[in-house]
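J.: after the sequence you'll find the predicted model.
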Amino acid sequence: MTEQRNEVQIPGDPALNPGDEQYFIAARNGSLLVGACRACGELHHYPRCLCPFCWSSDVELKPAAGTGTIYTFSVTRKGPDTPYCIAYVQLDEGPIMMTNIVDTDLDRVRIGQRVRLVCVPTDGEYAIPMFSPAQAGS
């Protein structure tokens, strides 16, 4: 089987909700932010102005380590933007986020695999947080 590495190109910036700018600016600078609720102490991803656990508006953004484990994934091999891998990654801090797995042979992606943050720049002002295998050559 031939190795299929996926190279990502992102045309334009994502459509932003009010308050999203800080998250995508952090990604442009190579960092991943998670939401942290001051009321209940829970962390969450995607950061939002209300805690999804207790509905408190006392939420701040905190930097995450940018490492985690693939919880589950799906590889798409047909269509105009293929191949690509969508995954849920459980961050080391606890939250699970939907993302893409990039810069790897898609036949080697596995549940339980360690991954690290890769911030993929858009054609615009921001970057999108994605992940690649933590070990080189994976």
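T.: Ah, there it is. Being a predicted model, the structure only gives us computed values, none of them experimental.
J.: and stretch 18-35, which residues are buried?
T.: Within stretch 18-35, the residues that qualify as buried are 20, 23-24, 26-28, 31-35, counting by 16 or more other C-beta atoms under 10 Å. To be clear about C-beta, it is placed using only N, CA and C from the backbone, and glycine gets the same treatment.
J.: do the same with stretch 65-84
T.: Buried, per 16+ other C-beta under 10 Å, within stretch 65-84: 66-70, 73, 75, 84.
J.: kindly report the same for stretch 124-133.
T.: 126-133.
J.: who does the lengthiest strand in the chain pair up with?
T.: The single longest strand within the chain, with elements called by DSSP state E, is strand 67-76. Sheet neighbours of strand 67-76, with direction, are listed as strand 84-91 (antiparallel), strand 114-121 (antiparallel) (DSSP bridges).
J.: still on that earlier bit, now the two most distant members of the buried residues of stretch 65-84.
T.: Of all pairs drawn from those, the one with the longest distance (C-beta to C-beta) is 66 and 75, at 22.6 Å.
J.: strands along the protein, start to end?
T.: Under DSSP E, the chain gives strands at 32-37, 43-44, 59-64, 67-76, 84-91, 96-101, 114-121, 127-133.
J.: how about the ones you listed, which one is nearest residue 14?
T.: strand 127-133 (6.8 Å).
J.: centre of the chain to the closest one, how far?
T.: On the basis of C-alpha atoms, centre = their mean, to the nearest Å, strand 127-133 is displaced by 5 Å from the centre of the chain it belongs to.
J.: okay, the angle between the lowest-mean-pLDDT helix or strand in the chain and strand 59-64?
T.: None of the helices or strands of the chain scores lower by mean pLDDT, DSSP states H and E than helix 21-28, at a mean of 92. Helix 21-28 runs at 10 degrees relative to strand 59-64, counting by axes from the mean of the first three to the mean of the last three C-alpha atoms, to 10 degrees.
J.: quick one: distance of helix 21-28 to the chain centre.
T.: 12 Å.
J.: so what does that helix touch, helix or strand wise?
T.: Applying 3 or more C-beta pairs under 8 Å, 6 or more residues apart in numbering; DSSP states H and E, one finds that helix 21-28 contacts strand 32-37, strand 59-64, strand 114-121, strand 127-133.
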